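Undergrad: Sequence plus the predicted model coming up.
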Amino acid sequence: MGSVNLAYDYPLLGAFWTVMWIFLWVMWIFLLFRVVVDIFRDDSMGGWAKTGWLVFTIVLPFLGVFVYLIARGKDMGAREQAHVRAQLEETNRYVRETVGATGPASEADQLAKLSEIRARGDISDEEFRRAKEKVLH
């Protein structure tokens, strides 16, 4: 049996082409998923239009994706930004509801709380007067 020289059987340029084809294949899969997600995310299309584009991209994936990018690709970024903005607004709304009002209390609110504390007898009239002056100045 003869020895096999692996470096000769698979030169550096061959390794480069293999890495390039793997990279292009991964990018193609990523682009295909982005197009499919955009088809479902687009509210301006009806159900039949979405079905048509989806069938087109599944049956003829290369042609379907390229035609979709040419015909509707200009607005893909805007739809993605709108989706991210809606998610951010929903998160902010949830945080505001969960945490509650975090802003500083108004002078009227602070005076009302001081009056309640004085009515319960937790502070004296002199302490109430000093706290009231602090709030109003």
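TA: Noted; the coordinates are in hand.
Undergrad: For the spatially most central residue of the chain, give its distance to residue 124.
TA: Taking Cα atoms, centre = their mean, the centroid of the chain lies closest to residue 84, which sits 4.0 Å from it. Counting by Cβ to Cβ, to the nearest Å, the gap from residue 84 to residue 124 is 55 Å. Backbone N, C-alpha and C define where each C-beta goes, glycine included.
Undergrad: same check, this time on residue 110
TA: Residue 110 sits 18 Å away from residue 124, going by Cβ to Cβ.
Undergrad: How are the helices of the protein distributed by residue range?
TA: 6-9, 12-41, 47-59, 61-72, 76-99, 107-120, 125-136 (DSSP state H).
Undergrad: TSV for those, including mean pLDDT?
TA: Formatted as TSV, these follow (pLDDT from 0 to 100):
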stretch	mean pLDDT
helix 6-9	60
helix 12-41	91
helix 47-59	92
helix 61-72	90
helix 76-99	88
helix 107-120	86
helix 125-136	87
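Undergrad: Share the number of residues neighbouring residue 39, please.
TA: Around residue 39 sit 19 other residues, with neighbours defined as other Cβ atoms under 10 Å.
Undergrad: For it, which non-adjacent residue is closest in space?
TA: residue 53 (5.0 Å; Cβ to Cβ, 6 or more residues apart in numbering).
Undergrad: which ones are touching that neighbour?
TA: 39, 45, 64, 68 (Cβ atoms under 8 Å, 6 or more residues apart in numbering).
Undergrad: any chance of these in JSON lines, plus distance to residue 17?
TA: JSON lines is the format used below for these (distance: Cβ to Cβ, whole Å):
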{"residue": "39", "distance to residue 17": "33"}
{"residue": "45", "distance to residue 17": "39"}
{"residue": "64", "distance to residue 17": "27"}
{"residue": "68", "distance to residue 17": "29"}
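Undergrad: which two in those are spaced the farthest apart?
TA: 45 and 64 (14.7 Å; Cβ to Cβ).
Undergrad: neighbour-wise, which of those two wins?
TA: residue 64 (20 against 16).
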